[in-house]
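**Q** With the input below, show me the fold.
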Amino acid sequence: MQSVSRAFASSILQRAERAERDGLALPAALVAAVREAARVPLATQDALWEACCTTDAAPPVGLRIGLELQLPHLDSAALQLIACDTLGEALRELVEVAPVTGDGGDFELTREGARARLVYRPPLGAAAGRARAVVQGAARSPSA
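**A** Got it, this is the predicted structure:
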């Protein structure tokens with residue numbers, strides 16, 4: 001399961017709590033799901049971002065949340081990335097540390113002149129892995 005740390009998701013909740021003073025509120029079930037999880041599934045994190053963006057009338061909410069992040073909100077990979085001097089260095093580090101610190105999947109970094117492209121490939125689920133094994137097995141079997 002792809003997920004983010006509860007501490008990172010909590011940074012969004014903290015911003016939402018400040019916005020509640022202005023009459024804006026996130027769905028209670030979503031807040032409870034974040035607070036009860038050891039790690040927050042990406043689907044829940046996405047729903048949290050969407051709810052925060054639609055309830056917080058003062059854009060850009062993502063930038064404000066980013067500016068309010070504190071060290072306890074970050075996981076080990078994020079802490080390593082913020083120690084980088086350049087974006088390029090951070091992207092290279094991400095490609096290297098993600099397999100060790102992440103939930104699976106991998107990043108591919110390609111460069112085209114001054115541009116960089118970062119692609120995330122989520123891990124294959126168990127069913128996809130079984131399907132691949134069947135296809136590979138069929139390819140090795142002698143035809144009838």
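
**Q** OK, contacts around Gln14?
**A** Glu68 (Cβ atoms under 8 Å, 6 or more residues apart in numbering). Bear in mind the C-beta positions are built from the backbone N, C-alpha and C, glycine included.

**Q** mind checking the SS state of it?
**A** Secondary structure for Gln14, judged by DSSP: H, G, I helix; E, B strand; the rest coil, is helix.

**Q** Would you mind measuring from Gly105 to Val4?
**A** Distance of Gly105 to Val4, computed by Cβ to Cβ, to the nearest Å: 13 Å.

**Q** When the two are compared, which one has more neighbours?
**A** Using other Cβ atoms under 10 Å as the criterion, Gly105 and Val4 rank with Val4 on top: 20 against 13.

**Q** Could you verify my assumption that that one touches Ala43?
**A** No: using Cβ atoms under 8 Å, Val4 is not in contact with Ala43; the gap is 11.0 Å.

**Q** What values do phi and psi take at Ile78?
**A** To be clear, residue 78 is Ala; Ile isn't right here. Backbone torsions for Ala78, taken as degrees, to the nearest 10, come to phi -60, psi -40.

**Q** Does Arg6 touch Ala37 like I think?
**A** Yes: proximity of Arg6 to Ala37 meets the contact threshold set by Cβ under 8 Å, at 5.7 Å.

**Q** need the strands for the chain, in chain order.
**A** Ranges of strands within the chain are 3-5, 39-41, 106-112, 115-121, based on DSSP state E.

**Q** I'd like to know which of the ones you listed has the weakest mean confidence.
**A** Ranked by mean pLDDT, these bottom out at strand 3-5, which scores a mean of 77.
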